[in-house]
Structures are given as C-alpha cells and as structure tokens.
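Visitor: Structure for this input, please:
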Amino acid sequence: MMLEVLVQMAGLILCGIGWRWLEPAGLEPVQTRKVLTSLVYYLLLPALVLSVLWEAELGSTTFLIALSAAFAVFAGYLLSSVVCRVRSVRPAVSGAVILAAAFPNVTYLGLPVLEATFGPWARSVAIQFDLFACTPLLFTLGVVIAARYGTAAAGVRNMTGELLRIPAVWAAFLAVCLNLLDVKMHALPAGVLGMLERGVVPLMLISLGLSLEWNRAQWRNLPMVVPVLLLRLLLIPALVTLFASVTGLSGELRAAVVMEAAMPSMVLGIVFCDRYDLDVGLYATMVTMTTVLSLVTLPLWYRWLIG
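Guide: Predicted coordinates:
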C-alpha cells in the first residue's frame, strides 16, 4: 500500500521534472513553479488548513504532535551543528546544511503521503506538525541560523512580521477559533473548501518536481550531503520514535508523527539560502537527494512502525 502510494506520487513529481526539461508552450520552469506555488500558498493551502482544523479534534494530542515536531527540529539543528563544526566547513555551507537537516518537507510531501497512507484524519497531523511547530520555528530559529551563517544583511528583526504574513497561519488561527467555539461547518463553505483543497496535493507534488535539479558540478557537494541524508532520513526519525513513545503517542498516530519527521529537506529553504547568501547549490542538491531517497526510506519506516 505504502509503496503504491509513493509510486503514484512519484508520477506527479516526474510530471514536474518533465515540465522542467521540456518547457511546453515556452513556459520557463521557474515561472511555472512560482505560479503554482503561489496558488497553493495563498489560496488552496489556507482552504485546506481551514477545512481540516475547523473540525479536527484538538486536545492533548495536539500539544504532543507539536512537541514532537519541535524536538525533531532541535535535534536536527544540534546534530548538524556538531557535524559542521567537526568538518570545519565554510559558514555558508554550515547554514545550508543545518537548515536542510533541521526542517523537513512536512507539508508539500508530508501531507499527501500521510493522507494517502493513513487516510483523511492524518491531514490534521501534518498540518499541526507544521503550523504549530515547524513554521513558527522556521521563521524564528531558522531565520537566526540563516542570518548567523550568511553574509546578507537581511536581519532578524522582522521575524514576527514574516510569520504573520503567512496565509495558512491566519487560516489556522481562524479554524482553531471556530473549532473551540463549536461553530458547525455548513454545507456551502464545506463544499467550497472541499473543491479548493482537492487541488493542493497534485499541485504541491508537481511544484516539487519543478524544484528538483541536478548537474555534474553538484557531485562536489556529496561529502556534506551524506551526513544530511543520514540525519534527515534515518537518525532524526529514530530519535522522534523514542521521544513520541516516551510522551505517550502510540499506534497510527505515532507512526504518522514519525513519518513526518522522516520527510526530506524542505524546498522553502532555497529561498532562505538565496536571501541570506548561503550555499544555494548545496542546498538544492540536499533537497533533490533527500527527496529521491525518501521514496525508499519512507516505506521502510512505515513497515517498521506499523509492522
């Protein structure tokens, strides 16, 4: 089942890769990706977040999911920092490595994987994992990391402003308010949100394919890519498995949380590398390789967790 799901998703990712190579209708891949990701970012994903969190069960498990996500991010940050210090690499390389190891692709790949593997209920896990921990940490800790190791004068003073400009964050805030006030979702908004949210997964995966790139020059990055592969796809999810078990998560919920922690490096990190003058080529290589290899490691994690 898990392998079948990933093969289907790989097909959509390949559509994006094929578009990147062929450039149909003369549309450049970067421009196409920007249009698709903007549509998802500003409209479709907020609709999905609102739809899912409005009627989700929010309680102690919400806190445990967020806590596990925060643990995964800090574990990636600390372990990759040690690797960079031991290897004595340039600051621009260190920043790219730490971002790639600490922040997984929990929405663009994690959400469709969880939904297809565990069912619609798992969408709530992916969204809570992201919006209640990963995204706030990305725009606080992530910005601090990028500014510390980068050379651009982008600064860290507007972290709160950056976070508050994310449409999905406002959708989550509205959804949680409606949820806690026990406001029922009527047929009309449910129908509109349902139509919008169905576009999220295919467009996310096609956009991911458009983002992946590889060239011969990137072979030089392999010495720093391998530690990220080991951390991002193996060690960090193993630590999250132990952490989640200790905190009381079990069954399919624990499996879903660990699967989120086992996702490849986030695509959005390329934007941070551009903005703060980190090693963009290295980061792109890490995104590509962790994404490709996750198609092998994710089924293994699923089989081990579910049995």
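
Visitor: Give me the below-cutoff pLDDT ranges for this structure.
Guide: Low-confidence segments of the chain, defined by pLDDT under 70, span residues 1-2, 152-160, 162-163, 213-219, 221.

Visitor: helix, strand or coil for Leu67?
Guide: Of the three states, Leu67 takes helix according to DSSP: H, G, I helix; E, B strand; the rest coil.

Visitor: Begin at 43, not 1, for the rest of this chat.
Guide: That works, and once the first residue is 43, the last one we named lands at Leu109.

Visitor: ok now do it, which residues does it touch?
Guide: With contacts defined as Cβ atoms under 8 Å, 6 or more residues apart in numbering, the neighbours of Leu109 are Ala175, Thr289. Where C-beta positions appear, they are placed from N, C-alpha and C, glycine not excepted.

Visitor: Let's see that with 6 Å instead.
Guide: Residues in contact with Leu109 (Cβ atoms under 6 Å, 6 or more residues apart in numbering): none are found.

Visitor: How about the one 4 residues further on?
Guide: Phe113 is in contact with Phe285, counting by Cβ under 6 Å, 6+ apart.

Visitor: Can you mark which positions in the host helix or strand of it are buried?
Guide: Phe113 belongs to helix 102-129 when assigned by DSSP states H and E. Using 16 or more other Cβ atoms under 10 Å as the burial criterion, the residues of helix 102-129 that qualify are 103-104, 106-115, 117-119, 121-123, 125-126.

Visitor: how close does the residue sitting nearest the centre point of the chain sit to Leu340?
Guide: When the chain is reduced to its mean C-alpha position, the closest residue under Cα atoms, centre = their mean turns out to be Asn147, at 2.0 Å. Asn147 sits 11 Å away from Leu340 when distances are taken as Cβ to Cβ, to the nearest Å.

Visitor: What of Leu109?
Guide: Counting by Cβ to Cβ, the separation of Leu109 from Leu340 is 22 Å.

Visitor: ditto for Val94
Guide: Summarising the geometry, the distance separating Val94 from Leu340, computed by Cβ to Cβ, is 21 Å.

Visitor: Ok, Thr283 next?
Guide: The spacing between Thr283 and Leu340, counted by Cβ to Cβ, is 14 Å.

Visitor: So which of these two has more stuff around it?
Guide: Ranked by neighbour count (other Cβ atoms under 10 Å), Thr283 and Leu340 place Leu340 first, with 25 against 21.

Visitor: Correct me if wrong, but that one is in a helix.
Guide: Yes: secondary structure assignment places Leu340 in a helix (three-state DSSP).

Visitor: The stretch 93-242 of the chain: helices as residue ranges?
Guide: 102-129, 133-144, 152-160, 164-171, 177-179, 185-191, 201-206, 209-222, 229-239, 242-253 (DSSP state H, counting those that start in this stretch).

Visitor: Now do the second one: everything it contacts.
Guide: Contact with helix 133-144 is made by 115, 118-119, 122-123, 126, 187-188, 191-192, 266, 270, 273-274, 307, 311, 315, 320-321, 324-325, 328, as judged by Cβ under 6 Å, 6+ apart.

Visitor: buried ones in it?
Guide: Residues of helix 133-144 classed as buried: Ala134, Val135, Ser136, Gly137, Ala138, Val139, Ile140, Leu141, Ala142, Ala143, Ala144 (neighbour count, 16+ other Cβ under 10 Å).

Visitor: Throw these into a markdown table and include distance to Leu86, thanks.
Guide: What follows is the buried residues of helix 133-144, written out as a markdown table (distance: Cβ to Cβ, whole Å):
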| residue | distance to Leu86 |
| --- | --- |
| Ala134 | 34 |
| Val135 | 35 |
| Ser136 | 35 |
| Gly137 | 31 |
| Ala138 | 29 |
| Val139 | 31 |
| Ile140 | 30 |
| Leu141 | 25 |
| Ala142 | 26 |
| Ala143 | 29 |
| Ala144 | 26 |
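
Visitor: Would you report the backbone torsion angles of Thr333?
Guide: Geometry field for Thr333 lists phi and psi as phi -70, psi -50, criterion degrees, to the nearest 10.

Visitor: Quick check: buried residues in stretch 180-195?
Guide: Result for stretch 180-195 [16+ other Cβ under 10 Å]: buried residues Leu180, Phe181, Leu183, Gly184, Val185, Ile187, Ala188, Ala189, Tyr191, Gly192.
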